[in-house]
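> Just need the structure, nothing else, for what follows:
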Amino acid sequence: MSTLLSALQPLLNLDPVRWGGLPDATEAQFDALFGPTDERIDTVLGVYPASRTRYRHDGAAKGLLMWARDGIAVMVQTVKPPDQAVLGELPEPDAVLAHEILVPGAYAHEYLYCATGLVLTVARAFRGGMPDRIVRCRGIKPLDRVEAFGPAYYQAFEDRIQWAGLDAGVEHT
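Just a heads-up that it's a prediction; the model follows:
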């Protein structure tokens, strides 16, 4: 079994408790490991351009999304998120950040675990009585401090400025 596959196995098994961080890897290594991809697009990760590739896999995670810059993998995400029960098995996160995505009926916090490079998006329902649920499970390289999870990986949703709807030729102050 390849070193890359060994490192990815905890996420492929939806076992983020055992995740140890994204190893140094290239897009070519991911392509060789998972075979032909059904999707590769140019996108943004944090505030910087990246490519995103979707890989199929028969494991519990149903596949991985992988973001790369200059051909180097910088983040992976399971297609299917793990069960919220894993939250009870993990230590307290190093940081709980503002949401990066919108989840209907919920506020989604980003739980950051620096030592293992684990980032969980946990949705907390606006109405009480609903359990928290994990809606995204992502892995990056381990970080030595919370501040390292900056614009290369993350941009809070409320920090995005959208200029849609502005009329051309109308002066705005």
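> Over to Pro49: give its phi and psi.
phi -60, psi 150 (degrees, to the nearest 10).
> quick one: it from Ala152, how far?
Distance check for Pro49 against Ala152: by C-beta to C-beta, to the nearest Å, it reads 11 Å. C-beta coordinates here come from the backbone N, C-alpha and C atoms, glycine included.
> Neighbour count: those two, which is higher?
Ranked by neighbour count (other C-beta atoms under 10 Å), Pro49 and Ala152 place Ala152 first, with 16 against 10.
> If I follow the layout properly, the more buried one ends up in contact with Val44?
No - assessed by C-beta atoms under 8 Å, Ala152 is found out of contact with Val44, at 10.9 Å.
> hey, where'd the strands end up in this protein?
39-45, 48-55, 64-69, 72-78, 95-97, 106-113, 118-125, 133-139 (DSSP state E).
> looking at the ones you listed, which is closest to Val86?
For Val86, the closest of the strands of the chain is strand 133-139, at 7.2 Å, according to C-beta to C-beta.
> Give me the packing partners of the closest one, helices and strands only.
strand 72-78, strand 118-125 (3 or more C-beta pairs under 8 Å, 6 or more residues apart in numbering; DSSP states H and E).
> got the buried residues for the longest helix along the chain?
Longest helix in the chain by number of residues, with DSSP state H as the criterion: helix 3-12. For helix 3-12, burial by neighbour count (16 or more other C-beta atoms under 10 Å) applies to Leu4, Ala7, Leu8, Gln9, Pro10, Leu11, Leu12.
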